[in-house]
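Structure, please.
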Amino acid sequence: MDPIFPCCGEKEENMEHLFLRCNDVRRVWFGSQLGVRINQPNMSSNLWLSKWLRKIDDVAAQQVFGLLWSIRRNRND
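The predicted structure is shown next:
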């Protein structure tokens, strides 16, 4: 299998690239109602998610999980 992320074709696919580092994904986060800017280049996706979820309410948390699901679904399509 090709290790390059199929959505952007730029970097090796891993969780951090899939959910945080890919430029296309970063635009999705920023363009969402949450307006998330991902500026921590070395933070793991798990740590980023746990820090983010501590700051937001239940509605925003649902939006975050919805975006994560959509990003993964789009990758699989």
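
gap between the two ends of stretch 22-39?
12 Å (Cα to Cα, to the nearest Å).

Also stretch 18-34?
End-to-end for stretch 18-34, by Cα to Cα: 18 Å.

Show me what counts as buried in it.
Neighbour counts over stretch 18-34 (16 or more other Cβ atoms under 10 Å) mark L18, F19, L20, R21, C22, V25, W29 as buried. Glycine gets a C-beta too; all of them are placed from N, C-alpha and C.

ditto for stretch 34-45
Applying 16+ other Cβ under 10 Å to stretch 34-45 flags V36, I38, S45 as buried.

Touching, the second one and L49? I think so.
No - shown here, I38 and L49 do not form a contact pair, counting by Cβ atoms under 8 Å, at 11.1 Å.

Number of residues surrounding R54?
By other Cβ atoms under 10 Å, 8 other residues sit near R54.

what's the spacing between it and A61?
10 Å (Cβ to Cβ, to the nearest Å).
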